[in-house]
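Visitor: no sequence on this one, just coordinates:
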């Protein structure tokens, strides 16, 4: 089954008897049967190039497949690749588009990434209100990095009245969330 192939593939990556070639075979088979996690893991492998030869185009294709299979993390990952220009021409418009798709699916990291684009004015008109809105949406889903980003706005007085106490409060909440 799909889950058996996924489990077998992951065991061959993480287990005591590592065999990356067989792992990729199992994960590919599981991905072809519609397992979004297999598609995502394969995409990660090809993006990072640690265990297999790096192939950004294959990675993008697998992240896209993962997203079509319902995995918002794959869609967010495509946004990050374009945002950073990792193996592709840097394209903030595409990054925004993919972050927005993932955020609309409830991905808190994508919401935080959208907040950061608006916060810094990267590829979009700088808009602190929208940055705060996206950071807050991410925080509501338990994203500690978005809490840190909100704290940074208050510490530096960007888009809000500078308030070191409020900044410290956000930083502490972020640290507490990371401990969990």
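Guide: Thanks, I have it. Not measured: the values here are computed from a predicted model.
Visitor: Might you list the low-confidence residue ranges for the protein?
Guide: Scanning the chain for pLDDT under 70 picks out the ranges 2, 180.
Visitor: list the buried ones in the lengthiest helix in it?
Guide: Looking across the chain with DSSP state H, the single longest helix is helix 164-179. Residues 166-167, 170-171, 173-174, 177 are the ones in helix 164-179 that count as buried (16 or more other CB atoms under 10 Å). Every C-beta, even on glycine, is put in place using the N, C-alpha and C of the backbone.
Visitor: Just the closest of those to residue 23, please.
Guide: The closest of these to residue 23 turns out to be residue 177 (CB to CB; 32.9 Å).
Visitor: got a list of what the residue nearest to the closest one when sequence neighbours are not counted touches?
Guide: Counting by CB to CB, 6 or more residues apart in numbering, residue 144 is the residue found nearest to residue 177 once chain neighbours are left out, at 4.0 Å. With contact taken as CB atoms under 8 Å, 6 or more residues apart in numbering, residue 144 is in contact with 173-175, 177-178.
Visitor: Can you add distance to residue 77 and give these back as JSON lines?
Guide: JSON lines is the format used below for those (distance: CB to CB, whole Å):
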{"residue": "173", "distance to residue 77": "27"}
{"residue": "174", "distance to residue 77": "23"}
{"residue": "175", "distance to residue 77": "26"}
{"residue": "177", "distance to residue 77": "22"}
{"residue": "178", "distance to residue 77": "21"}
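Visitor: Of those residues, just say which sits nearest to residue 87.
Guide: Out of these, the member with the shortest distance to residue 87 (by CB to CB) is residue 178, at 29.5 Å.
Visitor: Return the residues in contact with that closest one.
Guide: Taking CB under 8 Å, 6+ apart, one finds residue 144 in contact with residue 178.
Visitor: repeat that with 10 Å
Guide: Neighbour list for residue 178: 144-145, 147-148 [criterion: CB atoms under 10 Å, 6 or more residues apart in numbering].
Visitor: What's the local residue count around residue 24?
Guide: 20 (other CB atoms under 10 Å).
Visitor: so how far is residue 82 from it?
Guide: According to CB to CB, to the nearest Å, residue 24 stands 25 Å off from residue 82.
Visitor: Show me how far stretch 10-19 is from its chain's centre.
Guide: Distance, stretch centre to chain centre, for stretch 10-19: 25 Å (CA atoms, centre = their mean, to the nearest Å).
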